[in-house]
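J.: just coords:
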């Protein structure tokens, strides 16, 4: 499992190009990528790591040169690279524009506290990022030793370019300084030089000789080679070895995403940290009050309650990679792998929530596949949900196919839901968003888990569901990534898993449409 949690910079020095600050606070609750987290004392050990920009491992701006640990915290000092990004980061740290640290941690052992906070017992520090938003706001920049003398900085960079690198002690005498050698001045090619009008006898006979003279012409500015290359009249088809094929880091994925329309339409709570079931108290009978005449007997009544038992479900995904793929691939591979495991997790959990509601809800008697039918369905469904749950229906979840229908509904040619005039403002559904508002004021969500036509049940078409979010609650724990040891065949297992539960507090708080 990988955690990222931010801390604050305490000092930045532009002369020595260093940034110092607290990167871990022990026994202090912080916000991590998985939720609330607290680090036990001694759970993290110092190590040499890179400093990345906003957790982008392809944008390294420095490396750690010192770390210290005490009972309260871990601090680190980073040497910042003499690059444009490094210089910008120093300026942002000194001015408070980007003055936070965020660690990147591989968690080996942890426990979940009763309030849902993860307590890290042991982990490996994988990296640190310079970020804009810290978790501990009181740890502000307390010291900045900056110099505006550009000549001093330039002199420092020139005389000691390896400052900040780890150097071992040695008793050998230092080598004598080497006098700098000035590069020869190359005279530019004059534009008035006469051009060849007949093709010269060219030494370019194959791709190797073409490459030789191309390099001489472009790097050494050899005029003869320049003319040979020009006379050869080469194109990309005759010199394919000279044309590189770059690859973009952007990954195209039209097969999966993290949308969970059904779960988004429900109320949400954090799952308890232990047990595979939990119970919710539910009232089954309430006291009664009646109009009683004077001296008449009063009917006895009481409050009864039971417990609703909610099972906890586990959702797991496994990906297998080889050592060679992990070692020799670009960083984008692991990023894409973990992202798609998360996409698959989102898909299966949304489908589970949809199937549970489909097995417990109620339907209306209206065919909703027309504009008039849709208005009748939403109105009747809203009333049915209130009658069953004593709560208002606020959300509606539809399939992509029904979403298409809704955007096309009209009243005598006037669009019904892409309404532009107040007189026709029955709702607002846009073609570039999976959210909207439809009559009678329901929040619209689109979910692929119910399909274009919806799973047909024994009682109706489940392609549109009106729901009271207070009647159904989705409980979920943080999601984890567990990388196992290397197997004997050289493969590496990566497990992505999490726990969730759905509570049908009032099952008939959802209502779907009739075929």
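T.: That came through, no problem. Just so it is clear, the model here is predicted, and its values are computed rather than measured.
J.: am I right that residue 501 is in a strand?
T.: Yes: under DSSP: H, G, I helix; E, B strand; the rest coil, residue 501 sits within a strand.
J.: okay, now it: neighbour count?
T.: 21 (other C-beta atoms under 10 Å). For the C-beta atoms, the positions are set from N, CA and C on the backbone; glycine is no exception.
J.: for it, name its beta-bridge partners.
T.: According to DSSP bridges, the partner residues bridging residue 501 are residue 475.
J.: for residue 30, same thing?
T.: Residues in beta-bridge contact with residue 30 (DSSP bridges): residue 37.
J.: for residue 380, see how far away the residue nearest to residue 382 when sequence neighbours are not counted is.
T.: Nearest-residue entry for residue 382: residue 393, 4.5 Å, with adjacent residues in sequence omitted and distances by C-beta to C-beta, 6 or more residues apart in numbering. Going from residue 393 to residue 380 by C-beta to C-beta, to the nearest Å gives 11 Å.
J.: how about the residue nearest to the spatial centre of the chain, secondary structure?
T.: Nearest residue to the geometric centre of the chain (C-alpha atoms, centre = their mean): residue 339, 7.7 Å. Three-state call for residue 339 (three-state DSSP): helix.
J.: next: the one 5 residues further on.
T.: Remark: residue 344 carries the secondary structure label helix [criterion: three-state DSSP].
J.: now residue 47
T.: Residue 47 ends up coil, using three-state DSSP.
J.: again with the one 5 residues further on
T.: For residue 52, the secondary-structure state derived from three-state DSSP is strand.
J.: thought it was touching residue 131?
T.: No: assessed by C-beta atoms under 8 Å, residue 52 is found out of contact with residue 131, at 9.5 Å.
J.: about what we covered before: contact partners for the residue nearest to residue 382?
T.: Going by C-beta atoms under 8 Å, 6 or more residues apart in numbering, residue 393 touches 381-382, 385-386, 442, 466-468, 509, 511.
J.: which one among the residues you listed gets closest to residue 324?
T.: Proximity of the contacts of residue 393 to residue 324 (C-beta to C-beta) peaks at residue 467, which lies at 48.6 Å.
J.: gap between that closest one and residue 348?
T.: Per C-beta to C-beta, residue 467 is found 20 Å from residue 348.
J.: of the two, who's got more company?
T.: A direct count of neighbours by other C-beta under 10 Å for residue 467 and residue 348 places residue 467 higher, at 28 against 15.
J.: for the closest residue to that one other than its chain neighbours, give its distance to residue 52.
T.: Excluding its sequence neighbours, the residue lying closest to residue 467 (C-beta to C-beta, 6+ apart) is residue 510, at 4.4 Å. Using C-beta to C-beta, residue 510 is found at 45 Å from residue 52.
J.: neighbour count: the two, which is higher?
T.: Under the criterion of other C-beta under 10 Å, the comparison of residue 510 against residue 52 puts residue 510 first, with 31 against 20.
J.: how much space separates that one from residue 87?
T.: 57 Å.
J.: same check, this time on residue 47
T.: Taken as C-beta to C-beta, the span from residue 47 to residue 87 is 26 Å.
J.: which of the two has more neighbours?
T.: A direct count of neighbours by other C-beta under 10 Å for residue 47 and residue 87 places residue 87 higher, at 16 against 12.
J.: low pLDDT regions in the stretch 251-400 of the chain?
T.: Nowhere does the stretch 251-400 of the chain drop to pLDDT under 70.
J.: what of the stretch 101-250 of the chain?
T.: The low-confidence ranges in the stretch 101-250 of the chain, as defined by pLDDT under 70, are 134-201, 231-244, 247-249.
J.: redo that, cut-off 50
T.: The stretch 101-250 of the chain contains residues with pLDDT under 50 at 136-200, 233.
J.: look at the residue lying closest to residue 132 once chain neighbours are set aside and give its secondary structure.
T.: Nearest residue to residue 132 in three dimensions, chain neighbours excluded: residue 98, at 4.9 Å (C-beta to C-beta, 6+ apart). Following three-state DSSP, we place residue 98 in the coil state.
J.: just to check, residue 98 is in contact with residue 130?
T.: Yes: Residue 98 is in contact with residue 130 according to C-beta under 8 Å; the separation is 6.0 Å.
J.: neighbour count winner among those two?
T.: Ranked by neighbour count (other C-beta under 10 Å), residue 98 and residue 130 place residue 130 first, with 27 against 17.
J.: I'd say that one and residue 90 touch.
T.: No: here residue 130 does not reach residue 90: they are 9.9 Å apart, not a contact under C-beta under 8 Å.
J.: about what we covered before: mind telling me what element the residue nearest to residue 382 is part of?
T.: Following DSSP states H and E, there is no helix or strand that holds residue 393.
J.: same question, the one 3 residues further on
T.: Secondary-structure assignment from DSSP H and E places residue 396 in strand 395-398.
J.: list the buried residues for the helix or strand harbouring residue 381?
T.: For residue 381, the element it lies in under DSSP H and E is helix 371-389. Residues of helix 371-389 classed as buried: 371, 374-378, 380-382, 384-385, 388-389 (neighbour count, 16 or more other C-beta atoms under 10 Å).
J.: want to throw those residues into JSON lines with distance to residue 23?
T.: Below are those laid out as JSON lines (distance: C-beta to C-beta, whole Å):
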{"residue": "371", "distance to residue 23": "59"}
{"residue": "374", "distance to residue 23": "55"}
{"residue": "375", "distance to residue 23": "57"}
{"residue": "376", "distance to residue 23": "60"}
{"residue": "377", "distance to residue 23": "55"}
{"residue": "378", "distance to residue 23": "52"}
{"residue": "380", "distance to residue 23": "58"}
{"residue": "381", "distance to residue 23": "53"}
{"residue": "382", "distance to residue 23": "52"}
{"residue": "384", "distance to residue 23": "55"}
{"residue": "385", "distance to residue 23": "50"}
{"residue": "388", "distance to residue 23": "53"}
{"residue": "389", "distance to residue 23": "49"}
